[in-house]
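Visitor: The amino acid sequence is not available; the structure is as follows:
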């Protein structure tokens, strides 16, 4: 299924966004990206020693040809995130930033208040902010008011693999922001979770751990690519509404023996 | 004078701008970004930005991320 789409000026052929962390080896990372053909790949920054390996990683990523989405992972305050975003923009040469400000170390729940502060500043600096957020409707409204065109609510805590914890809230976001790009970010554990998000009308799914920590990451990357494609196709095709009672799928008119006795009695 | 680079203290024995600091510490030609005391210092300002006593310098590079 051809499903080219874009965020801003970035054209993409896939609605799967893939993280680059925690793979067993750089080779497995490369092959996972090659087979999944993600629309974006997420990257980060770390302190670099003079003999550091950041340069090798960056060369691998550049060769994939996939656009990058830098993140501000590990930041706990807006000021840290703003500085990190500025460094990321210079390093990765993109205005895109996955804004991640952690508010709770146990759940890695994003801090909604810090998110608003940093979003306002970064948008004023010309960034395209992709906020990693909870599924809170009011928070989403404030972020949109500040100028976000992309929202990235969590499905579940990062790395938990729990899937979509609150489908009610996620559906509300989709219904209330039909013109914004909505991406489920975090918590996806298996391809059916990703398909469910896409069936709900989400524009894309961002995941990392579910692929990187799979027994066979490359095969799992392919499985996710297929599930995202299937979920998107199902959404576009129009999913039937669930009903309380059964409806026969096989036409009954002129079926032999069907209700024969009762029809004789009636006749 | 003393400064910190990526959390590690080291003496600063001469006046340096960021460009010279990167060269002296083995980062010449590497794809890195710099912040001083929590503020981003863009590459275009590396030549003019003079490192001061007690400055805390962060030098970062690309890494894997989710």
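Guide: Cool, the structure landed. Bear in mind the structure is a predicted one, so any value in this text is a computation, not a measurement.
Visitor: Report the central residue of chain B.
Guide: residue B:57 (4.7 Å; CA atoms, centre = their mean).
Visitor: Give me the neighbour count for the nearest residue to that one once chain neighbours are set aside.
Guide: In this structure, residue B:57 finds its nearest non-sequential neighbour in residue B:5, 5.0 Å apart by CB to CB, 6 or more residues apart in numbering or on different chains. The C-beta positions use only the backbone N, C-alpha and C, and glycine is treated the same way. For residue B:5, the neighbour count with other CB atoms under 10 Å in any protein chain shown is 22.
Visitor: Run through the bridge partners of residue B:5.
Guide: residue B:8, residue B:57 (DSSP bridges).
Visitor: Residue A:178 versus that one, what's the distance?
Guide: As for residue B:5, its distance to residue A:178 is 49 Å (criterion: CB to CB, to the nearest Å).
Visitor: now residue B:7
Guide: 46 Å.
Visitor: And for residue A:19?
Guide: 27 Å.
Visitor: Ok, residue A:240 next?
Guide: 21 Å.
Visitor: ok, residue B:15 touching residue B:52?
Guide: No. Residue B:15 lies out of contact with residue B:52 (CB atoms under 8 Å); the separation is 9.4 Å.
Visitor: residues in contact with residue A:190?
Guide: Residue A:190 is in contact with A:161, A:163, A:210, counting by CB atoms under 8 Å, 6 or more residues apart in numbering or on different chains.
Visitor: The second one: neighbour count?
Guide: The reference is to residue A:163. 19.
Visitor: buried stuff in the longest helix belonging to chain A?
Guide: Counting residues, the longest helix found in chain A (DSSP state H) is helix A:217-237. Judged by neighbour count using 16 or more other CB atoms under 10 Å in any protein chain shown, the buried positions of helix A:217-237 are A:217-218, A:220-225, A:227-232, A:235.
Visitor: Check for me that residue B:35 belongs to a strand.
Guide: Yes. Assigned with DSSP: H, G, I helix; E, B strand; the rest coil, residue B:35 falls within a strand.
Visitor: Tell me who's in contact with it.
Guide: So residue B:35 contacts A:83, A:86, A:87, B:41, B:57, B:58, B:60 (CB under 8 Å, 6+ apart).
Visitor: If it is in a bridge, with which residues?
Guide: residue B:40, residue B:58.
Visitor: how near is it to residue A:110?
Guide: Taking CB to CB, one finds residue B:35 at 22 Å from residue A:110.
Visitor: since we're on the nearest residue to residue A:15 once chain neighbours are set aside, how many residues are nearby?
Guide: In space, and not counting its chain neighbours, residue A:15 is closest to residue A:204: 4.2 Å by CB to CB, 6+ apart. Residue A:204 is flanked by 26 other residues according to other CB under 10 Å.
Visitor: and what of the one 10 residues further on?
Guide: The local packing of residue A:214 (other CB under 10 Å) involves 19 other residues.
Visitor: same deal with residue A:212?
Guide: 23.
Visitor: Go through stretch A:8-20 and flag the buried ones.
Guide: A:12, A:14, A:15, A:16, A:17, A:18, A:19, A:20.
Visitor: Sorry, wrong one. I was asking about stretch A:85-98.
Guide: Taking 16+ other CB under 10 Å as the criterion, stretch A:85-98 shows A:85-92, A:94-98 as buried.
Visitor: Now go through these and say which are in strands.
Guide: A:96, A:97, A:98 (DSSP state E).
Visitor: Write out the residues of chain B neighbouring chain A.
Guide: Residues of chain B lying close to chain A by CB under 8 Å from any CB of the partner chain are B:6-7, B:25-27, B:30-35, B:38-40, B:42-43, B:58-66.
Visitor: Are any of the residues you listed buried, and if so which?
Guide: If we count by 16+ other CB under 10 Å, the residues of chain B next to chain A have these buried: B:25, B:27, B:31-35, B:40, B:58-66.
Visitor: So which residues of chain A form helices?
Guide: Secondary structure of chain A (DSSP H): helices at A:26-36, A:54-64, A:78-92, A:112-124, A:137-146, A:167-176, A:191-199, A:209-212, A:217-237, A:260-266.
Visitor: Using TSV, please lay out those together with mean pLDDT and distance to residue A:254.
Guide: Below are these laid out as TSV (pLDDT from 0 to 100; distance: least, CB to CB, whole Å):
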stretch	mean pLDDT	distance to residue A:254
helix A:26-36	97	49
helix A:54-64	92	59
helix A:78-92	98	66
helix A:112-124	98	61
helix A:137-146	98	52
helix A:167-176	98	42
helix A:191-199	98	36
helix A:209-212	98	50
helix A:217-237	98	30
helix A:260-266	59	12
